[in-house]
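Asks: Provided below are the primary sequence and the corresponding predicted coordinates.
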Amino acid sequence: MKFYISSAFLNTADIIEIAQAADELGYDGLGVPDHVVNLETLETPYPYTKDGQRRWQPFTDWPDPWVLVGALAQVTRRLKFVTTVYIPAMRNPYAAAKAIGTAALLAAGRVELGIGVGWCAEEFNLMGEQFAVRGRRTEEMLDLMRELWKPGWTQFHGHFYRAPRLEMQPTPPHIPIYVGGLSDIALRRAARYDGWIGDLITTDRAIEAVGRLRELRAENGLSLDDFAILTPLTDAFTPADYRRAEEAGITGIITMPWMFYTGAGATLAEKIDGMRRFRRDLSLDD
């Protein structure tokens with residue numbers, strides 16, 4: 001089982017020390033969320049809470065994922081970086097491919113691209129991108145970006161995007177793609193790529209998703225071998241809980257260890273201490 005630290009809602013300056021501590025303590029990765037702006041009022045309900053309200057307060061930091069990853073890669077040695085999740089369909093695919101590829105190169109192959117199709121119509125509108133066809137555009141963008149990340153000349157002829165013969169440098173190392181979402185169409189999309197990435201979810205619901213992903217992979221003659229399944233779990237606290245998740249096929253946990261010890265108001269020092277205690281209490285250093 002791999003363990004990733006979530007950097008959601010942290011002060012941007014603190015993320016540097018959190019990442020360095022995670023690297024030194026032996027954590028496997030750092031999760032980096034994505035929003036461009038936080039609008040004061042929304043008609044679109046937030047889909048991951050019962051009341052449709054956002055989990056964060058106004059003026060919470062949302063640093064650009066690729067600027068952040070490029071910086072963090074210079075002060076860490078082995079830590080991986082996964083976006084939780086990046087929304088390609090809000091961006092121009094060429095600018096997105098350039099930023100992601102550059103960060104992956106600077107991180108020497110430690111970038112994992114977690115993506116979603118997005119939920120906030122108002123943010124799409126502000127960015128000048130269509131919300132209604134975001135799923136199909138996301139799939140085509142991923143195909144286009146994979147072509148742009150290859151060495152040599154390339155061309156692309158899609159429904160939404162067309163590229164004449166061109167090349168994009170620098171060529172990054174391999175970038176695995178993990179797709180988020182719990183709907184059947186989202187799981188089908190994930191099954192075609194390198195992994196699935198979840199939001200806050202119970203272990204039972206995550207195990208259900210694993211079962212469905214296994215079925216969908218089998219339909220394409222694929223197994224879950226080398227297929228990543230990363231997710232936070234709302235009800236996993238003990239070594240036995242994590243063993244159960246691992247035995248079911250979950251390969252990685254995204255967590256904020258300080259929440260178990262000090263809570264959301266933890267200082268930076270308390271967050272790092274919580275990360276240290278979490279590894280000790282789960283015997284991860286044995």
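Replies: Nice, thanks for sending it over.
Asks: from now on I want contacts and neighbour counts done on CA atoms only, so please keep to that.
Replies: Will do.
Asks: give me the buried positions along stretch 61-74.
Replies: Neighbour-count burial for stretch 61-74 flags 61-63, 65-66, 68-70, 72-73 (criterion: 16 or more other CA atoms under 10 Å).
Asks: mark which of the residues you listed are part of helices, please.
Replies: 65-66, 68-70, 72 (DSSP state H).
Asks: which of those lies closest to T234?
Replies: Taking CA to CA as the measure, T234 lies nearest P65 of those, at 24.5 Å.
Asks: right, and that closest one touches V32 too?
Replies: Yes: using CA atoms under 8 Å, P65 is in contact with V32, at 6.2 Å.
Asks: flag the shaky bits of the stretch 151-286 of the chain, pLDDT-wise.
Replies: 285-286 (pLDDT under 70).
Asks: in it, which spans are strands?
Replies: 154-157, 162-166, 177-180, 195-197, 228-231, 252-255 (DSSP state E, counting those that start in this stretch).
Asks: any buried residues in the first one, and which?
Replies: Which is strand 154-157. 154, 156.
Asks: for Q130, find the nearest of the strands of the stretch 151-286 of the chain.
Replies: Nearest to Q130, of the strands of the stretch 151-286 of the chain and by CA to CA, is strand 162-166 at 17.1 Å.
Asks: contacts for that closest one?
Replies: 153-157 (CA atoms under 8 Å, 6 or more residues apart in numbering).
Asks: buried set for stretch 13-30?
Replies: Judged by neighbour count using 16+ other CA under 10 Å, the buried positions of stretch 13-30 are 15-23, 26-30.
Asks: same check, this time on stretch 80-97
Replies: In stretch 80-97, the ones that count as buried by 16+ other CA under 10 Å are 80-91, 93, 96-97.
Asks: just the ones in strands from these, please.
Replies: 80-83 (DSSP state E).
Asks: show me which of those is closest to L39.
Replies: Among these, and counting by CA to CA, the member closest to L39 is T83, at 21.1 Å.
Asks: contact partners for that closest one?
Replies: By CA under 8 Å, 6+ apart, the neighbours of T83 are 31-34, 65, 112-115.
Asks: which of those sit farthest apart?
Replies: Top of the distance list for those (CA to CA): D34 and E112, 13.9 Å.
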